[in-house]
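Asks: from the sequence below, what's the structure:
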Amino acid sequence: MKDFQLVFILCISSFFSSLQAQQGLNISSYIQGQYQYGQPDASLKVGDTNENPDKGFNRIGIRRGRVKAEYNDGIGTGAVQIEANDKGVSFRDLYIGIKDPWNKRSRLMMGLFNRPFGYEISYSSSALESVERAIIIQYFFPDERDLGAMLSLRADASAPLNFLRLDAGVFAGNSINRETDNRKDFIGRIGAEKEIKDRGKWGLGVSYYNGSVYNPTAEAYEMRDNRFVRIEKATTGSFMKREYLGFDGQLSLYSPAGTTTLRAEGLLGVQPGIAGSSKSPNYSSRPENIPANALYKRPFFGCFFYIIQDVGQSPFSLVVKYDSYDPNTKVKGNEAGTPGSYTTQTDLRQSAIGLCLLYRYSKHIRLQACYEINKNEKSSLVKGYETDRKDNVFTLRVQYRF
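Replies: Numbers count the residues shown, from 1 in each chain. Now for the predicted structure:
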């Protein structure tokens, strides 16, 4: 299998190289190699799980290796992005886009591309100041992308409202995997971004998600007060609503001390998930009709913010990130795990504080060191969560972009 992956990557690289001379074609790539150390309960992004549950462990691997080819003839765009890492090879982008022929600022897209929700989803992993996206983004928007069609509208550059942008589309709702049902999800965002003369820039956005999740069983669970109640369905194969409302804001200020950037996002709504996970679906086939796959509808809230301070004109930046995700706002502490409530560790809140140092050695090479302090809500009725879990993670990453 690994030999096949290597041959596949070499063939793709050769193909991209042969196209490089074509006018209008842009090829870019980046590779992220990293070392991680985690406490006994940590979950690392490279390598296998901990083989000694009572001890800390470390892993080394390739977090991301991506190559993207995009062709633009002025009106039409076609793009392919492939990822190769220590878990295998997969697509990340595969889309076409057609701009309006008048001011070329509006576009219709179709294929596999970033969902138009919030700010961080479309923020490139190669530029991200923390090593990973926020907890709630990883849970609700796995792989960041989805199959769908989207219309992006922007006014002419000379118009008074040229700083506004509207993105809206319909999506399969299953991440980068093939569609498995007849339903479509709506995702939309209206955003504004503007320069503050030579002193900085700001941005604001409001996003909305309206969709559903397939429930393979004849029962589902909904909240009543602080416990789940079993709801009998007339048949298998029903759908449960998922709905998110999101707000995001960004502010960058320039000064002799270096650029200061503040970014924040918040999400609230309802999310269907199984008993053991509140994550959005990203399966390649419909789930089996077994009790473990029954859906639980949870009201949630999540937020995160960054403080990024460049150190003068040096290549260093200091980063502080706070990240919080409450998968079930109606369950607190020892209410989780109460007999007959159907609540589990999935309903407990998670939070993290990340401290990072960035060093931009050149336009191609970036070094990143982050320490993440993870916290979980405790419940004396949930095994393994009676106290705070030992799951802090240190990451050292080297990135080469070309």
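Asks: SS state for Cys152?
Replies: To be clear, residue 152 is Ser; Cys isn't right here. strand (DSSP: H, G, I helix; E, B strand; the rest coil).
Asks: does it really touch Lys104, like I thought?
Replies: No: the pair Ser152 / Lys104 is not scored as a contact, 11.6 Å apart, by C-beta atoms under 8 Å. Bear in mind the C-beta positions are built from the backbone N, C-alpha and C, glycine included.
Asks: look at these two and report which has more neighbours.
Replies: Ser152 (19 against 13; other C-beta atoms under 10 Å).
Asks: correct me if wrong: Tyr342 contacts Ala220.
Replies: No: between Tyr342 and Ala220 there is no contact under C-beta under 8 Å: 11.1 Å.
Asks: which residues are in contact with each of these two?
Replies: Residues within reach of Tyr342 and of Ala220 at once, by C-beta atoms under 8 Å, 6 or more residues apart in numbering, are Arg230, Tyr296.
Asks: more neighbours: which of those two?
Replies: Neighbour comparison, Tyr342 and Ala220: the larger count goes to Ala220, with 20 against 17 (by other C-beta under 10 Å).
Asks: now that one: how far from Ser212?
Replies: As judged by C-beta to C-beta, to the nearest Å, Ala220 and Ser212 stand 12 Å apart.
Asks: so how far is stretch 105-125 from its chain's centroid?
Replies: Centroid separation for stretch 105-125 versus its chain: 12 Å, with C-alpha atoms, centre = their mean, to the nearest Å.
Asks: now do the end-to-end distance for that stretch.
Replies: 25 Å (C-alpha to C-alpha, to the nearest Å).
Asks: list the buried ones in that stretch?
Replies: Along stretch 105-125, these residues count as buried under the neighbour rule (16 or more other C-beta atoms under 10 Å): 105-107, 109, 111-121, 123, 125.
Asks: in strands, which of the residues you listed fall?
Replies: If you go by DSSP state E, the buried residues of stretch 105-125 have Arg107, Met109, Gly111, Leu112, Phe113, Asn114 in strands.
Asks: list the contacts of the last one.
Replies: Taking C-beta under 8 Å, 6+ apart, we find Asn114 in contact with Ile121, Ser122, Glu144, Arg145.
Asks: in JSON lines, list these along with pLDDT.
Replies: Conversion of those to JSON lines gives the following (pLDDT from 0 to 100):
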{"residue": "Ile121", "pLDDT": "98"}
{"residue": "Ser122", "pLDDT": "96"}
{"residue": "Glu144", "pLDDT": "96"}
{"residue": "Arg145", "pLDDT": "97"}
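Asks: closest one of those residues to Pro160?
Replies: Nearest to Pro160 among these, counting by C-beta to C-beta, is Ser122 at 25.1 Å.
Asks: so how far is Pro101 from that closest one?
Replies: Separation of Ser122 from Pro101 (C-beta to C-beta): 25 Å.
Asks: if we can go back for a sec, can I get the contacts of Asn114 in TSV with distance to Ser277?
Replies: As requested, these are exported to TSV (distance: C-beta to C-beta, whole Å):
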residue	distance to Ser277
Ile121	20
Ser122	25
Glu144	18
Arg145	20
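Asks: and the furthest pair within the residues you listed?
Replies: Farthest apart among the contacts of Asn114 - using C-beta to C-beta - are Ser122 and Arg145, which lie 9.9 Å from each other.
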